[in-house]
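**Student:** build the 3D model from these lines:
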Amino acid sequence: MLNPAQLADLSRFSPAPLLVSSLYLNTDPKRFSKPALLTLLKDLTRERLSELKSAGLTHDQLKSVESDLERLHDSLSGHAFTRAGERGLAAFSCAGRDFFQKWSLPHGFKATLLVGPTPYLRPLQALLAQSPHAVTILVDQHRSRAYSVHGEEIQDLFDVTHDTGSRIKKGGFQGKDTSRVEHRHDEAVHHHYQDAADRLLHAFQSAPFEYLVLGGHLDEINGFERHLHSYVAERVAGRFRIDVRAATREEVRAKTVELVTTEEKNRRDDLVRRLAGAARTNGGLAVTGLKNTLSALNDRRVQTLLVTEDFTHAGRHCDACSILLEKEMTCPRCSGPTVEAADVVDEAVAQTVHQGGAIRILPEGCALAEHGKIGAMLRY
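**Tutor:** Predicted coordinates for the structure are as follows:
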């Protein structure tokens, strides 16, 4: 399964002046057989080649794409379709740059074969947005168990136990022994909590996660939470009661998904509200609608691009100025002719990534639909 770090690496691939071929398929064996998928790919290949040969590509561009299509067919022919949980496939190729990547996915997509200047990634970004990366830690005064949770997948991060002793000691001269034992116990628990917090920070620095979920007894969770670094603490999405020693992986995964889904919807709705409010304010740091969003992107002002997963729109771009346009046939900056873009929205997504901005792909029918299905929070 593709993770956010791998998707970010893939989004930075741009083989200009050559092109990238992007393929998505639904490989659910209950719906499609391998021969049927191969036939479908042949039909898509025939359509794309017909379009590209009349699109004025250079010899090198066309040769690279033809090799891409052969490679995609060969890869599909050799694909085993036996991985547990696989329901979809995504593949990207640029033969002229010796580039090829293929990913098995837990969900299938409509059969799509596109050729463009960058990989077509919006389906993957939408898939990741549906199941954001979360880390869950179960913690008590002796043990900490941490997991990485991404949709249906759960992986161990660490499981550490410290001997923190008992807080109560019977007897002792005038209670002094008891006081010393309690002090040593409290100090040992502090070091145990700090060790777990340090491990979480290291995990975040190695592979950033969107959400943190805390499990255990609430008084112990509260004690542990005070040790979290601010980078990690601000990602807390929820807390739940559970026996740290007896909890199963499936219980942890299910509770994490429940809490993260609720928090993700709340944050998404809040983001759209803030976007709309700032866009209505004179001088507000937000825009909505395709034309305004492209203008802000061309000025490199976009901090976070928001777009619904179903939104596509033909447009134009100027190669000389590297700007995107809604429909202008002449570039407003250099007065040169612009070139047709089959989907200017997808190019806007790629451009945002290249400029270091964040992407939020929102579900079809969400509140952003009332604001043109696209908008951006701005840097200035």
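
**Student:** buried residues in the helix or strand bottoming out on mean pLDDT in the chain?
**Tutor:** Across the helices and strands of the chain, the lowest-confidence element by mean pLDDT, DSSP states H and E is helix 122-130, at a mean of 75. Buried residues in helix 122-130, defined by neighbour count with 16 or more other CB atoms under 10 Å: Arg122, Pro123, Leu124, Gln125, Ala126, Leu127, Leu128, Ala129. Where you see a C-beta, it was placed from the backbone N, CA and C, and this is true even at glycine.

**Student:** is it true that the first one touches Asp310?
**Tutor:** No: with contacts counted by CB atoms under 8 Å, Arg122 stays clear of Asp310, the gap being 9.7 Å.

**Student:** show me which of the buried residues of helix 122-130 is closest to Gln205.
**Tutor:** If you rank the buried residues of helix 122-130 by distance to Gln205 using CB to CB, Leu128 comes first, at 19.9 Å.

**Student:** where's the closest one relative to Ala197, distance?
**Tutor:** Applying CB to CB, to the nearest Å, one obtains 26 Å for the distance of Leu128 from Ala197.

**Student:** mind listing the helices for the stretch 1-150 of the chain?
**Tutor:** Listed in chain order, the helices of the stretch 1-150 of the chain (DSSP state H, counting those that start in this stretch) span residues 4-11, 34-53, 59-77, 122-130.

**Student:** name the residues that touch the shortest one?
**Tutor:** Outside helix 4-11, the residues that touch it by CB atoms under 8 Å, 6 or more residues apart in numbering are 2, 92, 101, 118-119, 121, 124-125, 128, 133, 207-208, 350, 353-354.

**Student:** whichever of these end up buried, select them in ChimeraX.
**Tutor:** Under the burial definition 16+ other CB under 10 Å, those of the contacts of helix 4-11 that qualify are selected in ChimeraX by:
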select :2,92,118,119,121,124,125,128,133,350,353
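
**Student:** quick one on the thing from earlier: highest mean neighbour count out of the helices of the stretch 1-150 of the chain?
**Tutor:** Mean neighbour count, computed with mean count of other CB atoms under 10 Å, is highest for helix 122-130 among the helices of the stretch 1-150 of the chain, reaching a mean of 20.

**Student:** now do it against helix 4-11, angle only.
**Tutor:** Orientation of helix 122-130 against helix 4-11 (axes from the mean of the first three to the mean of the last three CA atoms, to 10 degrees) gives an angle of 160 degrees.

**Student:** of all the helices of the stretch 1-150 of the chain, which one is nearest Pro17?
**Tutor:** Closest of the helices of the stretch 1-150 of the chain to Pro17 is helix 59-77, at 6.7 Å (criterion: CB to CB).
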